[in-house]
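1. have a look at this prediction, sequence included:
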Amino acid sequence: MPSLNRRDFLRVAGAGAGLLALPRWPAAGETGKPRLVSPGCRRSRVKVGRLYLGVRKAHYPNPALDLDAEVRAYGAEFEKLKDELSDVDFVVDQLVSSPEQVKAVSDKLAGADGILAIHLSLSTMPIMKEVLAAGRPTMIFSAPYSGHEWFGLSALRREEAGRRMECLLTTDYSQLAAAIRPFRAMHHLREAKILNLAARMNEPYVKEVQQKFGTEIRLVALERVLALYEAVREADARAEADRWTREAAAVVEPSAEEIFKSARLALAMERLLDEEDATAITVDCYGSMWRKIPAFPCLGFTRLNDMGLGGVCQSDLPCVMAHVLFQGLSGRPGFVCNPTFDFATGSTTLIHCLGSTRMDGPAGPAAPYKLRDIMERQEGCVPQVQMRVGQKVTQVIPSGTGALRYFTGQITAVPETDRGCRTKITVKVDGDAEKLWRNWTAGIHRVACYGDLSKDLERFCRFADLALVNEAV
């Protein structure tokens, strides 16, 4: 039996990953098996130190408290969350009752993406300070009646020693999974490999991103992509084109040949990501690659986004970073978009020709779509996606490597008009749409994701030492 290489091993190892195990679109004759550890991450699992902080016979919440029973009770809560945590390895997992016990596992904690410290009793503040001394991003989960440490933690959070700490004081045990999301996002960014099909790159930005987050961004040669395009079997490309055509609510402008070329390029881009063990690709489709690639990459980008990988247009590297961030925080893809405003309704309409059909994530339902041409080019093939009215959304763009700019809102309409790009969502802004316009900077594009991710962004930015700016307030 042939041996598995590292990439294939990770695919097999991730096969039981529940909601985070991803189906992929199969090529002709394939059955379609999970290929990723979690959306947006091929390479490795998230490593978390899980510590239960409790002192036996502490006066609060009760001197007779059975700490071992408390740990078992939390174990039952984690079992309920196993699908959300299926890409997580708890590299340390124990009850600690003294700072010395934390020191004994400090080497393992130093290698973790983050530490989840679960507060059980009074007299644990010295233990918490030793946990923070490990220097890792740390979430402290403290249910009511755990102890009075909340008082000291509030003060500690404002000090340098608590700079990489955040607290969850709650009875909502689903937040145990939420606590790990910023660790996952940082892990994904560090593990991400992004390919840029362009004649050149903004090398200073690429270096800043690698230094800040560990993300690798590589230029890919046009000749490589063209060779992969030619290597795609015609039968496979026809089958992929037929699937897109068959599942579309309508095919409006694109010809069968245009859909075929787009499908063939889509399969070539997936093969490129496979060979490079990469997470996402962006193409300078309106610039240096204009008329040099055999089709517009829009259909391929949608395909990759729907699979849990990433495809972003116009070599927009900050948007790719936002896409990877959203996958880490939510397991869902981003919708690259630019706005138009309506102060009368307090709304912005976010538009782009490229839409992704699985905005709920790879395991979620597929939204209806039509196959259209690219509006401003009057050519190509792109899915015009009908997103969900009533859905909360979060829009983000990195501002350099020092800040994230964002706003939130709710989809109130999916306009059907030939004005503007094909895929559109009208979003009632949380806050003030006019202030959003006044504060707008860092380029025209934003990346929108389903869900209100403001708390997740706040925690991520605290751990990543980023400023978080709500442009609508």
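-> Received, thanks. Model, not experiment: these values are computed from the prediction. Numbers count the residues shown, from 1 in each chain.
2. how about stretch 211-227 as PDB, C-alpha atoms only?
-> Output in PDB follows, covering the C-alpha atoms of stretch 211-227 (Å, rounded to 0.1, in the frame of the first residue of the first chain):
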ATOM      1  CA  GLN A 211       5.700  39.400  10.000                       C
ATOM      2  CA  LYS A 212       2.400  40.200  11.700                       C
ATOM      3  CA  PHE A 213       0.300  37.100  11.100                       C
ATOM      4  CA  GLY A 214       2.700  34.500   9.600                       C
ATOM      5  CA  THR A 215       0.700  34.400   6.400                       C
ATOM      6  CA  GLU A 216       2.500  33.300   3.200                       C
ATOM      7  CA  ILE A 217       1.600  35.100   0.000                       C
ATOM      8  CA  ARG A 218       3.300  33.900  -3.200                       C
ATOM      9  CA  LEU A 219       3.300  35.100  -6.800                       C
ATOM     10  CA  VAL A 220       2.300  32.400  -9.300                       C
ATOM     11  CA  ALA A 221       3.300  32.400 -12.900                       C
ATOM     12  CA  LEU A 222       0.800  32.700 -15.700                       C
ATOM     13  CA  GLU A 223       2.500  29.800 -17.600                       C
ATOM     14  CA  ARG A 224       1.800  27.500 -14.700                       C
ATOM     15  CA  VAL A 225      -2.000  28.200 -14.700                       C
ATOM     16  CA  LEU A 226      -2.200  27.900 -18.500                       C
ATOM     17  CA  ALA A 227      -0.500  24.500 -18.400                       C
END
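3. isn't Gly451 right up against Thr394?
-> Yes. Between Gly451 and Thr394 there is a contact under Cβ atoms under 8 Å: 6.3 Å. Every C-beta, even on glycine, is put in place using the N, C-alpha and C of the backbone.
4. and the residue nearest to the spatial centre of the chain, what does it touch?
-> Centrality entry for the chain: nearest residue to the mean C-alpha point is Gln327, 1.4 Å, by Cα atoms, centre = their mean. By Cβ atoms under 8 Å, 6 or more residues apart in numbering, the residues touching Gln327 are 38-41, 188, 308, 310, 333-334.
5. looking at Gly451 and Thr394, which is more packed in?
-> Thr394 (24 against 17; other Cβ atoms under 10 Å).
6. isn't that one right up against Gln410?
-> No. Assessed by Cβ under 8 Å, Thr394 is found out of contact with Gln410, at 10.8 Å.
7. those helices in the stretch 1-150 of the chain, which residues are they?
-> With DSSP state H, counting those that start in this stretch, the ranges of helices along the stretch 1-150 of the chain come out as 6-13, 67-80, 99-104, 106-110, 125-132, 149-157.
8. could you single out the most deeply buried of the ones you listed?
-> helix 125-132 (a mean of 19; mean count of other Cβ atoms under 10 Å).
9. which helices and strands sit right next to it?
-> strand 46-53, helix 99-104, strand 114-119, strand 138-142, helix 149-157 (3 or more Cβ pairs under 8 Å, 6 or more residues apart in numbering; DSSP states H and E).
10. immediately after the helix ranked longest in the chain, which helix or strand?
-> In the chain, with assignment by DSSP state H, the single longest helix is helix 256-276. Downstream of helix 256-276, the next assigned helix or strand under DSSP states H and E is strand 280-283.
11. what packs against the following helix or strand past that next one?
-> Scanning forward in sequence from strand 280-283 by DSSP H and E, the next helix or strand is helix 298-307. Under the contact criterion of 3+ Cβ pairs under 8 Å, 6+ apart, helix 298-307 touches helix 256-276, strand 280-283, strand 310-313, strand 379-385.
12. by mean pLDDT, point me to the weakest helix or strand of this structure.
-> helix 6-13 (a mean of 35; mean pLDDT, DSSP states H and E).
13. now the helix or strand hosting the residue nearest to the centre of the chain and strand 46-53, what's the angle there?
-> Element membership for Gln327, per DSSP H and E: helix 317-330. Angle, helix 317-330 to strand 46-53, by axes from the mean of the first three to the mean of the last three Cα atoms, to 10 degrees: 40 degrees.
14. contacts only, for Cys285.
-> 293, 296-297, 313-315.
15. distance check, Arg158 against Arg462.
-> Going from Arg158 to Arg462 by Cβ to Cβ, to the nearest Å gives 12 Å.
16. neighbour count winner among those two?
-> Taking other Cβ under 10 Å, Arg158 and Arg462 do not tie; Arg462 has more neighbours (18 against 10).
17. tell me how far the more buried one lies from Thr340.
-> For Arg462 relative to Thr340 (Cβ to Cβ), the value is 33 Å.
18. could you list the low-pLDDT ranges of this protein?
-> By pLDDT under 70, the low-scoring segments of the chain are 1-34.
19. hmm, Val92 is touching Lys47, no?
-> No. Using Cβ under 8 Å as the test, Val92 is too far from Lys47 to be in contact (9.2 Å).
20. so what sits against both of these two?
-> Shared contacts of Val92 and Lys47, defined by Cβ under 8 Å, 6+ apart, comprise Ala112.
21. out of the helices of the stretch 1-150 of the chain, nearest to Val283?
-> helix 6-13 (23.0 Å; Cβ to Cβ).
22. what's the neighbour count on the nearest residue in space to Asp418 that is not next to it in sequence?
-> Spatial nearest neighbour of Asp418, excluding adjacent residues (Cβ to Cβ, 6 or more residues apart in numbering): Met375 at 7.2 Å. The number of residues packed near Met375 is 19, by other Cβ under 10 Å.
23. how far away is Met375 from Asp430?
-> For Met375, the distance to Asp430 - Cβ to Cβ - is 28 Å.
24. and for Arg35?
-> For Arg35 relative to Asp430 (Cβ to Cβ), the value is 36 Å.
25. could you do Cys167 as well?
-> 24 Å.
26. over to Phe341?
-> Distance from Phe341 to Asp430, by Cβ to Cβ: 15 Å.
27. which of those two has more residues huddled nearby?
-> Between Phe341 and Asp430, counting by other Cβ under 10 Å, Asp430 is the more crowded of the two (20 against 16).
28. nearest spatial neighbour of the more buried one, chain-adjacent residues omitted?
-> Thr408 (4.6 Å).
29. for Gln175, same thing?
-> Looking at Gln175 with Cβ to Cβ, 6+ apart, the closest residue is Leu168, at 5.0 Å.
30. what sits against that neighbour?
-> Leu168 neighbours (Cβ under 8 Å, 6+ apart): 139-142, 175, 178-179.
31. can you name the two of these that sit furthest apart?
-> Most distant of the contacts of Leu168, by Cβ to Cβ, are Ser142 and Ala178, 14.2 Å apart.
32. partners of the single longest strand found in the chain, with directions?
-> Looking across the chain with DSSP state E, the single longest strand is strand 403-413. With DSSP bridges as the test, strand 403-413 is paired with strand 392-399 (antiparallel), strand 423-429 (antiparallel), strand 467-470 (parallel).
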